[in-house]
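Peer 1: quick check, what structure comes out for this input:
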Amino acid sequence: MYKRVLLPTDGSPCSEQALREGFELVKSCGAEATVLYVIENPLLTLPMLPEGIPYEADLYEDLKKAAEEVLASARKIAEEAGVPVNTIMHEGQPVPTIVEFAKDYDLIVMGTHGRGGLEKLILGSVTEGVLHRTETSVLVIHCKRKRA
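Peer 2: Numbering: from 1, shown residues only. Presented below is the predicted three-dimensional model:
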């Protein structure tokens with residue numbers, strides 16, 4: 001069925017839920033699992049400022065450290081599920097990066113928060129962007145949000 005499964009993650013509880021369910025699928029198929037974390041440097045999307053940004057190197061190191069922590073957590077979840085996993089950290093914009101990596105995979109497993117309206121407009125949806133741009137099959141895990 002599926003031989004290679006890509007599991008993009010951002011470290012959110014929703015992504016963690018998608019990892020857990022994705023690893024169960026990987027285990028049942030005997031597939032190869034790869035977790036991808038895309039480091040999106042927000043300074044790359046800002047207009048160029050005179051004098052540059054003095055804390056850019058520090059910000060990048062913080063983003064990289066956060067990515068390493070998320071990938072370590074993903075490896076632990078995979079180990080608990082009894083699934084060997086590869087992890088990749090890549091810098092770029094999430095949607096095009098995931099779409100490019102997905103060309104080498106049979107399936108993408110991603111979570112979605114199911115946001116709508118203004119919340120979706122402001123935060124966007126990486127999952128929706130991937131769905132519209134990839135030729136790889138996508139399994140979307142709808143994450144339940146806690147209501148106040």
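Peer 1: going forward, measure contacts between C-alpha atoms and count neighbours the same way
Peer 2: OK.
Peer 1: mind checking the SS state of I88?
Peer 2: Under DSSP: H, G, I helix; E, B strand; the rest coil, I88 falls in the strand class.
Peer 1: and what of L63?
Peer 2: helix.
Peer 1: ok, now how distant is it from A31?
Peer 2: 30 Å (Cα to Cα, to the nearest Å).
Peer 1: wait, a strand at V138?
Peer 2: Yes. Read with three-state DSSP, V138 is one of the residues of a strand.
Peer 1: which residues sit in contact with it?
Peer 2: 107-110, 131 (Cα atoms under 8 Å, 6 or more residues apart in numbering).
Peer 1: for this structure, what spans make up the helices?
Peer 2: Ranges of helices within the chain are 13-29, 56-81, 94-102, 117-123, 126-133, based on DSSP state H.
Peer 1: out of those helices, flag the one nearest C143.
Peer 2: Among the helices of the chain, the nearest to C143 by Cα to Cα is helix 13-29 (5.4 Å).
Peer 1: that closest one packs against which elements?
Peer 2: Applying 3 or more Cα pairs under 8 Å, 6 or more residues apart in numbering; DSSP states H and E, one finds that helix 13-29 contacts strand 4-9, strand 32-39, helix 56-81, strand 107-112, strand 137-142.
Peer 1: give me the neighbour count for the residue lying closest to K144 once chain neighbours are set aside.
Peer 2: Nearest non-adjacent residue to K144, counting by Cα to Cα, 6 or more residues apart in numbering: H113, 7.2 Å away. Here the number of neighbours of H113 (other Cα atoms under 10 Å) works out to 17.
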